[in-house]
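>>> build me a model from this:
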Amino acid sequence: QMFTTVVDMFLERLVAAGSYQRFVDCYRCFYKLQPQLTRSIYDQFISQLQASIKEEIQEVKNEGNLEGLFSSLDKIVEEAKDREEPAWRPSGIPEEDVRSTMVPYLLKHRSYLRRVLREKEEENRKVAESVLMGRDRIAELQQLIQARHQAWQ
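So this is what the prediction gives:
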C-alpha cells in the first residue's frame, strides 16, 4: 500500500512538474493557433503518460514479485517489533561482524555440549558401577561353583 501511495505521489509530482503552462511554453505557436486543441492534446498526453508509467511499474512489480517481497518484508517488520534485542547491523569489518554473530551462538553451543558431556559422564559412571557389580557377582558365583564342586568331589 505504501509503495502504491509513493507511486501515486510520484505521478502527481510528475504531472505538476510538466504543467500545462510549461507545455504551452514549449508549443507556443501551436497554442496561439488553437488553444483548446492544445489543452486537449496536453490532457491526452498526461493521461497516457500516467497510464504507461503505471503499466510499467505494474510489470516491474510482477516480474520482480514485489508484492510477495513486500509482504515478507512486512512480516519481518512485525516479527521484529516483538524482539527485545536489537537487529544485527554490519560494522563494515568482516572479522568483527562474524565474531559478533558467531560468539553468542558458539557460547550457547559450548554450554549445551558441556551439559551433554556431564549427562554422558554420569551415564558412563552408572554403567561402570553396574559392570563392576556384575563382575563382583560373577566372581562370587564362580567361588560358589568351585566350593560346591569341591564339596561334591
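>>> wait, doesn't residue 3 sit right on residue 69?
No - counting by C-beta atoms under 8 Å, residue 3 does not reach residue 69; the two are 10.2 Å apart. All C-beta atoms are positioned from the backbone trio N, CA, C, and that covers glycine.
>>> break the protein into its domains for me.
The chain breaks down into these domains under the TED database: 1-80, 103-152.
>>> most packed of the ones you listed?
Neighbour counts (mean count of other C-beta atoms under 10 Å) averaged over each of these peak at domain 1-80, with a mean of 12.
>>> and it, how far out from the chain's middle?
When distances are taken as C-alpha atoms, centre = their mean, to the nearest Å, domain 1-80 is centred 32 Å away from the chain's centroid.
>>> avg pLDDT for it?
Average pLDDT, domain 1-80: 86.
>>> start the count at 352 instead of 1 going forward.
Yep, numbering from 352; the last one is domain 352-431 now.
>>> coming back round to it: take the domains of the chain and write them to CSV, including distance to residue 442.
Output for those, formatted as CSV (distance: least, C-beta to C-beta, whole Å):
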stretch, distance to residue 442
domain 352-431, 20
domain 454-503, 14
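>>> tell me which of the ones you listed sits nearest to residue 443.
The closest of the domains of the chain to residue 443 is domain 454-503. By C-beta to C-beta, the value is 18.1 Å.
>>> show the average pLDDT along the closest one.
Mean per-residue pLDDT for domain 454-503: 96.
>>> dump stretch 447-466 to PDB, restricted to CA.
Extracted C-alpha coordinates of stretch 447-466, given in PDB (Å, rounded to 0.1, in the frame of the first residue of the first chain):
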ATOM      1  CA  GLU A 447      34.100  -8.300  13.800                       C
ATOM      2  CA  ASP A 448      30.800  -8.900  12.100                       C
ATOM      3  CA  VAL A 449      31.400 -12.700  12.100                       C
ATOM      4  CA  ARG A 450      32.700 -12.600  15.600                       C
ATOM      5  CA  SER A 451      29.700 -10.600  16.900                       C
ATOM      6  CA  THR A 452      27.300 -13.000  15.200                       C
ATOM      7  CA  MET A 453      29.100 -16.300  16.000                       C
ATOM      8  CA  VAL A 454      30.400 -15.800  19.500                       C
ATOM      9  CA  PRO A 455      26.900 -15.900  21.200                       C
ATOM     10  CA  TYR A 456      26.000 -18.900  19.100                       C
ATOM     11  CA  LEU A 457      29.200 -20.700  19.900                       C
ATOM     12  CA  LEU A 458      28.900 -19.900  23.700                       C
ATOM     13  CA  LYS A 459      25.400 -21.300  23.700                       C
ATOM     14  CA  HIS A 460      26.600 -24.400  21.800                       C
ATOM     15  CA  ARG A 461      29.500 -24.800  24.200                       C
ATOM     16  CA  SER A 462      27.200 -24.800  27.300                       C
ATOM     17  CA  TYR A 463      24.900 -27.300  25.500                       C
ATOM     18  CA  LEU A 464      27.900 -29.600  24.800                       C
ATOM     19  CA  ARG A 465      29.100 -29.300  28.400                       C
ATOM     20  CA  ARG A 466      25.700 -30.200  29.700                       C
END
